[in-house]
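J.: Sequence and predicted structure are below.
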Amino acid sequence: MEVRIKNLTKRFRNFVAVNNLNLSIKDGEFVALLGPSGCGKTTTLLMLAGIYKPDEGEIIFGDQVVNDIPSKDRNIGICFQNYALYPYMTIAQNIAFPLKLRKIDKKIIDNKVKEIASSFHVDSLLSRFPNQISGGQQQRVALARALVKEPKILLLDEPLSNLDSRLRISMRAEIKKIQKDLGITTVFVTHDQTEALSMCDKIAVMNKGVLQDFGTPEELYNMPKNLFIAKFIGNPPMNFMDVVYIRENGKVILKEETFQIQLPEEIYKKFEEKQNGKELILGIRPENMKLTSQEENTIKGEIYVVEPLGRDKLVNVKIGNDKIIKIIASQDYKGNMGDKVFIELDLDNIHLFDKENEKSLRINI
Amino acid sequence: MKHRLMPFISKALIYIFLILTTLPIIIAYLWLFTSSFSKQVTFGIIPKNFTITNWRFLWDEIKLGLTVFESIWPITFNSILLAGSVTILEVIISLMAGFALSRLDFWGKDFIMKCTIILHAFPGVALLIALYYVLNFASLIDSIIGVVLVKVALELPMATWMIKGFFDEIPWDIEWAAYIDGCTKFQAWYKIILPHIKPGIAAVAIFAFLAGWSEFIYSYIFLFSSKNYTLSVFIKNLIGDFRFLDYGLLSAAGLFYLIPVIVFFLISQKSLMKVQFGGIKG
């Protein structure tokens, strides 16, 4: 079902948790609400669930405004971080609970419970209690319970945060598969950008109650609209350097204390023109740099430390006195601590941000 | 050798201290038990001449001097009625009040919570005269219901606080999940939340029952016709005339008064142990 959020605002006393949020989620889309804790993503989810009432704005499911419709009539399924299984009920009773409340015939309930339990691989646990099964199993049961009533919308509130890292990675794929198989509109709250990038069709990045951007993982990763998104998305994170924008004789140069980089025309045309001497922030991802021995148009530095990551190496290079830049190098890179190196930037993939309003200078085509 | 002895001695000292401090209470109960089954007791606790005549109140009417006491069974029934009603009323009201104080946000909530604490700290005896007037006005004087209402009113703050603590422990997302699964507010309270606080309900019920069962001062003051007497008043009346005080009878009656409490405790001790004043253990 299509979900639209219009000018949604929620306040707690004087604190604005969600500020004038607008989102439009297509039918069957898997959308992440991504942001640091306290950014209003869970509040938004709970408003979708009907637990919190919006102070302003509208939530529309399909073509119906649901602001005043109680949770029980919204036809949604939810899965919480702590799974919120009912501890005094067996797994079977837990899964059957939403159906029982709908006064469905007992035989049909039994069949449905068995069916969904086997598709979530928890059919052997039906007679146990939640505290007798593992975290990953509880997770599956919670999903089964959320989906057994065939809801139109699935809400996930940090469902993977309580799992160990191996299980988290396998559940990531599994949830994505389930979502695609069922084609159910899903809203997924997370603070983990890797989860959002790897699972979702679209990501809404939020900070301090305000939507920063709403786009596909590729858009957000390749063309972050502001400094917050650039800092938040990507692992290892993007490198940032304070530079001065210099235009002379038709050339554009980014100047820092210890280096200067000249931008070719086809690159600087992609960005807004700024006046000479304007302070900017240059951002570049670790994978968009190369270590070379060539001196021209590069950054000079000294290897600070090398972290082998298995598939590749993360080289920390110190430039100037205290600035550390992280660069991804191939597995066979042979550099040692203290070596002098030059960093070549892949200029196609640089990002420039205004230092004052932190917005990207990229001209959107 | 010395190393092994030291912990033993310090342990022994602790035990000796504990035994000495608990001895008076143990002796009191022992005296109660033995003297109820014997004609005479020597050295305080050693019985002589086994008898059950002290327990004659169970099947006979008792005369002490000129006073004739009524049968104990209607009086026992009164006590059960009193304690039972206190329990039921207190549990029902405190469950709803505790839920409201724990889960809902409303104007004046803090004030109400502070008031309940102060009310609990208020000595009930100081209210006797005022309560007498109130009960008299409501024509509830000399009726068990009147005593029940007074007792429930005075015990409720404590019970509500206790239950509130149990409600506080329940994670919000369990309640939210219930709403989203299709529960109304009442269904969520009844089907999901109440099962969570069963130990709390048991604890409140036990405390309420014990408080009602051992209630003396209000029963003694507000109940004057003998058909409304409760066991505590009955025992007080046995002592009534010191010239004819029969210790054997008194201890048997006291023991009889104690039996339901012991039985009740044995049944419910598991739940009682879970009470941590404000939470669920483990």
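T.: Thanks, I have it.

J.: Every contact and neighbour count from this point should use C-alpha atoms.
T.: Noted.

J.: For residue 83, grab the count of nearby residues.
T.: You didn't pick a chain, so chain A it is. For A:Tyr83, the count of nearby residues is 26 (other Cα atoms under 10 Å in any protein chain shown).

J.: The intended chain is chain B.
T.: B:Ala83: 23 neighbours (other Cα under 10 Å).

J.: Go ahead and confirm A:Pro70 touches A:Met47.
T.: No - if you go by Cα atoms under 8 Å, A:Pro70 and A:Met47 don't touch, sitting 10.6 Å apart.

J.: which residue sits closest to the residue of chain A found nearest chain B, ignoring its sequence neighbours?
T.: Nearest residue of chain A to chain B: A:Lys72, at 3.9 Å (Cα to the nearest Cα). Counting by Cα to Cα, 6 or more residues apart in numbering or on different chains, A:Lys72 lies nearest to B:Gly182, which is 3.9 Å off, once chain neighbours are set aside.

J.: on that earlier part again, can you name the residues that contact the residue of chain A closest to chain B?
T.: B:179-184 (Cα atoms under 8 Å, 6 or more residues apart in numbering or on different chains).

J.: can you confirm it is in a strand?
T.: No - checked against DSSP: H, G, I helix; E, B strand; the rest coil, A:Lys72 lies outside a strand; its state is helix.

J.: who's in contact with the spatially closest residue to A:Asp346 that is not a sequence neighbour?
T.: Spatial nearest neighbour of A:Asp346, excluding adjacent residues (Cα to Cα, 6+ apart): A:Asn288 at 5.3 Å. When the contact criterion is Cα under 8 Å, 6+ apart, the partners of A:Asn288 are A:327, A:345-346, A:349.

J.: What residues does whichever residue of the stretch 151-282 of chain B sits closest to chain A make contact with?
T.: The stretch 151-282 of chain B approaches chain A most closely through B:Gly182 (3.9 Å), counting by Cα to the nearest Cα. Counting by Cα under 8 Å, 6+ apart, B:Gly182 touches A:71-73, A:98, A:101-102.

J.: Model confidence for it, exactly?
T.: Listed pLDDT for B:Gly182 reads 88.

J.: before we move on, the earlier item: in ChimeraX, how would I select the buried members of the contacts of B:Gly182?
T.: Restricted to buried positions by 16 or more other Cα atoms under 10 Å in any protein chain shown, the ChimeraX selection for the contacts of B:Gly182 reads:
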select /A:71,72,98
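
J.: for the contacts of B:Gly182, which one is nearest A:Ile233?
T.: Proximity of the contacts of B:Gly182 to A:Ile233 (Cα to Cα) peaks at A:Ser71, which lies at 32.6 Å.

J.: In this structure the closest one contacts B:Tyr179, no?
T.: Yes - at 5.9 Å, A:Ser71 counts as touching B:Tyr179 under the criterion of Cα under 8 Å.

J.: quick one, what contacts residue 248?
T.: Chain wasn't specified; assuming chain A. Per Cα under 8 Å, 6+ apart, neighbours of A:Glu248: none.

J.: Chain B is the one I meant
T.: Residues in contact with B:Gly248, defined by Cα under 8 Å, 6+ apart, are B:35-39, B:54.

J.: give me that answer again for 6 Å
T.: B:35-36, B:54 (Cα atoms under 6 Å, 6 or more residues apart in numbering or on different chains).

J.: Tell me which of those residues fall in helices.
T.: B:35-36 (DSSP state H).

J.: hmm, which of the contacts of B:Gly248 are the buried ones?
T.: Buried among these by 16+ other Cα under 10 Å: B:35-36, B:54.

J.: Keep only those that also lie close to chain A.
T.: Contacts with chain A within the buried ones among the contacts of B:Gly248, as defined by Cα under 6 Å from any Cα of the partner chain: none are present.

J.: Which parts of chain B are strands?
T.: Secondary structure of chain B, counting by DSSP state E: strands at B:38-42, B:46-50, B:62-64, B:67-69.

J.: Let me know the pLDDT of the residue nearest to A:Lys359 when sequence neighbours are not counted.
T.: Distances taken as Cα to Cα, 6+ apart place A:Asn226 nearest to A:Lys359, at 4.3 Å, with adjacent residues excluded. A:Asn226 is assigned a predicted lDDT (pLDDT) of 90.

J.: can you check B:Phe256 too?
T.: Per the predicted model, pLDDT is 88 at B:Phe256.

J.: likewise A:Asn131?
T.: At A:Asn131, the pLDDT value in this model is 88.

J.: Make sure it is indeed in a helix.
T.: Yes - read with three-state DSSP, A:Asn131 is one of the residues of a helix.

J.: Name the residue most distant from the centre of chain A?
T.: A:Asn249 (42.2 Å; Cα atoms, centre = their mean).

J.: which phi and psi does it have?
T.: The phi/psi pair for A:Asn249 (degrees, to the nearest 10) reads phi 50, psi 40.
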